[in-house]
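S.K.: Structure for the following, please:
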Amino acid sequence: MTAILYPVAADAGQAFAAPKGRAARERDAAALAGEDVAFLTEPVGPVYATREAALDALAGRVEDDRPGRMASLAPEDRVVQLVEQLAPKAGKRARAPAPVKPTFEGGHRWPTPEPPPATVWRAMISYWRIGAAPLRHAGDAQARQARRKGGEDMDRETLRALTRQPLLAVRPQQPLDIGLFETRLPEAPHIVVPDE
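M.R.: Below you'll find the model as predicted:
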């Protein structure tokens, strides 16, 4: 399997247009850049109203699965992806619709659904950023703890850092001392026997 060769650049625009080079691993990207690098995925280019418009504008940069226009990229060139996002409303940040509560009216459990929110398409590029741009880290906090402590006041970068950190267990998992089909004898708890 061929590894994806991500661009090495100072920002997303340079990564899309004219990167310094391409590397699959961090150590290769750092050697190419001559300094530390950080792996990022950022939006690049304009917003497109439809998927077809985005595929037409980014022909040759993204895979196209439309009949008659099929285009497949080499595995190492798949650094740009198209994503569908909620369209912003008049200077406000786009929000997902609120969950709907069941109504149990007129023989129906759910109310008539609202029309789906307006969406736009955006190109996202994954690349090695030169200079290891300072990434926000959430520290030792877990998302569930941050929400309990007033998570509504978090800014976007802190929330993004929380979602990208690895999950940690609430407490360490204890090793299993007996198997699934084994049991301890009541008269001799130090003896484990098969349970059928």
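S.K.: Are we agreed that Leu55 is in a strand?
M.R.: No: under the criterion used here (DSSP: H, G, I helix; E, B strand; the rest coil), Leu55 is helix, not part of a strand.
S.K.: I'd assumed Leu86 was in contact with Ala118.
M.R.: Yes: counting by C-beta atoms under 8 Å, Leu86 is a contact partner of Ala118 at 7.3 Å. C-betas here are computed from N, CA, C, even on glycine.
S.K.: And the two? Which one has more around it.
M.R.: In this view Ala118 and Leu86 are compared by other C-beta atoms under 10 Å, and Leu86 has more residues nearby, 15 against 11.
S.K.: who's in contact with the closest residue to Pro46 other than its chain neighbours?
M.R.: Closest residue in space to Pro46, ignoring its immediate chain neighbours: Ala57 at 7.9 Å, by C-beta to C-beta, 6 or more residues apart in numbering. When contacts are counted by C-beta atoms under 8 Å, 6 or more residues apart in numbering, Ala57 touches Gly45, Pro46, Tyr48.
S.K.: Could you single out the nearest of these to Asp77?
M.R.: Using C-beta to C-beta, Gly45 comes nearest to Asp77 of these, at 16.9 Å.
S.K.: And the helix or strand encompassing Ala30, what does it pack against?
M.R.: Per DSSP states H and E, Ala30 falls inside helix 26-33. Helix 26-33 sits against strand 6-9, strand 21-23, strand 37-48, strand 119-130, with contacts defined as 3 or more C-beta pairs under 8 Å, 6 or more residues apart in numbering; DSSP states H and E.
S.K.: lowest-confidence helix or strand of the chain?
M.R.: Among the helices and strands of the chain, helix 143-148 carries the lowest confidence by mean pLDDT, DSSP states H and E, at a mean of 66.
S.K.: State the next helix or strand along the chain beyond that helix.
M.R.: For helix 143-148, the following helix or strand on the C-terminal side (DSSP H and E) is helix 156-164.
S.K.: Rounded mean pLDDT for that next one, please.
M.R.: The average pLDDT within helix 156-164 is 72.
S.K.: Same check on stretch 31-51?
M.R.: Mean per-residue pLDDT for stretch 31-51: 90.
S.K.: Stretch 96-109 now?
M.R.: 86.
S.K.: Quick check: buried residues in that stretch?
M.R.: Going by neighbour count (16 or more other C-beta atoms under 10 Å), nothing in stretch 96-109 comes out as buried.
S.K.: and if you look at stretch 16-31?
M.R.: Judged by neighbour count using 16+ other C-beta under 10 Å, the buried positions of stretch 16-31 are Phe16, Pro19, Lys20, Arg22, Ala23, Asp28, Ala29, Ala30.
S.K.: if I pick the last one, what's in contact with it?
M.R.: Each residue near Ala30 by C-beta under 8 Å, 6+ apart is listed here: Asp36, Val37.
S.K.: tell me the contacts of His190?
M.R.: Listed by C-beta under 8 Å, 6+ apart, the contact partners of His190 are Arg184.
S.K.: now the buried residues of stretch 16-31 in JSON lines, with distance to Arg95?
M.R.: Listed next are the buried residues of stretch 16-31 as JSON lines, based on distance: C-beta to C-beta, whole Å:
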{"residue": "Phe16", "distance to Arg95": "28"}
{"residue": "Pro19", "distance to Arg95": "34"}
{"residue": "Lys20", "distance to Arg95": "38"}
{"residue": "Arg22", "distance to Arg95": "37"}
{"residue": "Ala23", "distance to Arg95": "37"}
{"residue": "Asp28", "distance to Arg95": "40"}
{"residue": "Ala29", "distance to Arg95": "36"}
{"residue": "Ala30", "distance to Arg95": "38"}
